[in-house]
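Participant: Return a 3D structure for these sequence lines:
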Amino acid sequence: MDNSDDLNKKEELDKERLSQWLKMDAEIEESFQSIISKYNYEEHLESIKGSFIFFKSMIEDVLGKYNKSNNLELIELISLLDSCRDNKITISGIVSHPKKGEIKSQVKKVELSSKLDLFYLDLWATTRLEHSQDGLYQYKFNWDFKEKLKHYKQNREVVEYDDFYVEPYTDEELAKILDYERTKKKNEKNYTRNAEYGRCLAFYYNLLQKKDFFTAHKEKEKTGKASGITKEYSFMYDCLVILEATEPLDENKEKYTKVKDWINAFASQQNK
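Facilitator: Numbers count the residues shown, from 1 in each chain. Model (predicted):
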């Protein structure tokens with residue numbers, strides 16, 4: 001595979017990703033227009049839309065922490081496999097869905113000793129990490145993208161490129177990634193998922209309040225009654241729904257309670 005083939009393949013993947021992003025954005029835009037109409041906010045559409053874009057970006061970052069690969073865990077696994085090569089590896093976990101003869105919450109473990117299996121486990125973790133970081137390390141460290149794993153003949157002539165696995169990281173690359181991901185983790189505020197949602201919702205509410213669109217909190221300061229708060233919180237809940245961050249609910253009272261609890265969780269953890 002020459003450089004022109006690599007470039008063409010990268011361009012095809014970039015086009016495919018762009019097409020998928022545009023399709024998803026169009027679907028979200030359509031759903032957003034629907035809830036704007038549902039809450040009779042049409043005259044404030046442009047004002048709300050700008051704030052929603054910031055909110056969407058924040059929620060996508062939160063979802064990335066929970067729905068995508070954990071880069072630090074993957075690099076820790078790669079580092080462990082590299083440090084312990086030629087020795088067996090023990091994987092253990094707590095049973096949550098017991099099979100016949102098992103008890104819930106018991107410890108279950110398996111030992112891996114096959115060098116071939118451990119080799120491919122390392123390759124899987126490397127490949128998963130390379131896909132997950134999606135160019136971040138290439139940008140941060142000025143690296144080339146990993147090539148597909150090469151299969152050789154005995155004379156080291158390349159026979160073919162693998163359809164899935166990419167080449168392993170070097171020791172220097174592993175050290176840089178590990179340091180980067182550990183430092184990033186150390187500097188992150190360790191909020192729960194509920195508090196993360198609350199942080200995003202509080203930010204979203206404040207943006208709309210500054211535009212004098214959401215007024216319930218200000219009304220409470222003046223009169224002691226947060227008039228319209230259920231509608232405002234319900235609207236934000238439905239924004240979460242169209243971003244596939246939570247399940248749809250029918251009752252506005254339930255939506256209000258969920259949003260209130262998330263914002264309270266953020267306030268509580270922010271002060272710790």
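
Participant: And the strands in the stretch 101-250 of the chain?
Facilitator: The residue ranges that make up the strands of the stretch 101-250 of the chain, judged by DSSP state E, counting those that start in this stretch, are 107-112, 148-152, 158-166.

Participant: How far off centre is the second one?
Facilitator: Yep, that's strand 148-152 we're talking about. Using CA atoms, centre = their mean, to the nearest Å, the distance from the centre of strand 148-152 to the centre of the chain it belongs to is 30 Å.

Participant: Walk me through which strands it pairs with, and which way each runs.
Facilitator: Looking at strand 148-152 with DSSP bridges, its paired strands and their directions are strand 158-166 (antiparallel).

Participant: mind listing what's buried in the partner strand?
Facilitator: For strand 158-166, the buried set under the neighbour-count rule, 16 or more other CB atoms under 10 Å, comprises Tyr165, Val166. C-beta here means a position set from N, CA and C on the backbone, and glycine is covered the same way.

Participant: Please report how far the closest residue to Lys185 other than its chain neighbours lies from Leu174.
Facilitator: Take Lys185 and drop its neighbours on the chain: the residue closest to it by CB to CB, 6 or more residues apart in numbering is Leu72, 5.5 Å away. The gap separating Leu72 from Leu174 is 13 Å, by CB to CB, to the nearest Å.

Participant: Show me the one of the strands of the stretch 101-250 of the chain that comes nearest Leu121.
Facilitator: Closest approach to Leu121 among the strands of the stretch 101-250 of the chain (CB to CB): strand 107-112, 7.1 Å.

Participant: returning to that earlier point: and for the residue nearest to Lys185, the neighbour number?
Facilitator: Burial of Leu72, expressed as a neighbour count using other CB atoms under 10 Å, amounts to 16.

Participant: What strand or helix carries the residue most central in space within the chain?
Facilitator: Nearest to the centroid of the C-alpha atoms of the chain, with distances taken as CA atoms, centre = their mean, sits Gly64, at 0.7 Å. Using DSSP states H and E, Gly64 maps to helix 45-67.

Participant: And the contacts of that helix?
Facilitator: When contacts are defined by CB atoms under 8 Å, 6 or more residues apart in numbering, helix 45-67 is touched by residues 28, 32-33, 36, 41, 193, 196-197, 199-200, 203-204, 207-208, 211, 213, 239-240, 243-245.

Participant: Same check on stretch 85-99?
Facilitator: Identification of contacts with stretch 85-99 by CB under 8 Å, 6+ apart yields 80-81, 102-113, 115, 118, 121.

Participant: And stretch 259-266, by the same measure?
Facilitator: When contacts are defined by CB under 8 Å, 6+ apart, stretch 259-266 is touched by residues 191-192, 194-199, 201-202, 205, 233-234, 236-237.

Participant: Could you rerun that using 10 Å?
Facilitator: Applying CB atoms under 10 Å, 6 or more residues apart in numbering, the contact partners of stretch 259-266 are 191-205, 229-230, 232-237, 240, 246.

Participant: which ones are touching the nearest residue to Lys220 once chain neighbours are set aside?
Facilitator: In this structure, Lys220 finds its nearest non-sequential neighbour in Ala226, 4.0 Å apart by CB to CB, 6+ apart. With contacts defined as CB under 10 Å, 6+ apart, the neighbours of Ala226 are Thr215, Ala216, His217, Lys218, Glu219, Lys220, Glu232, Tyr233.
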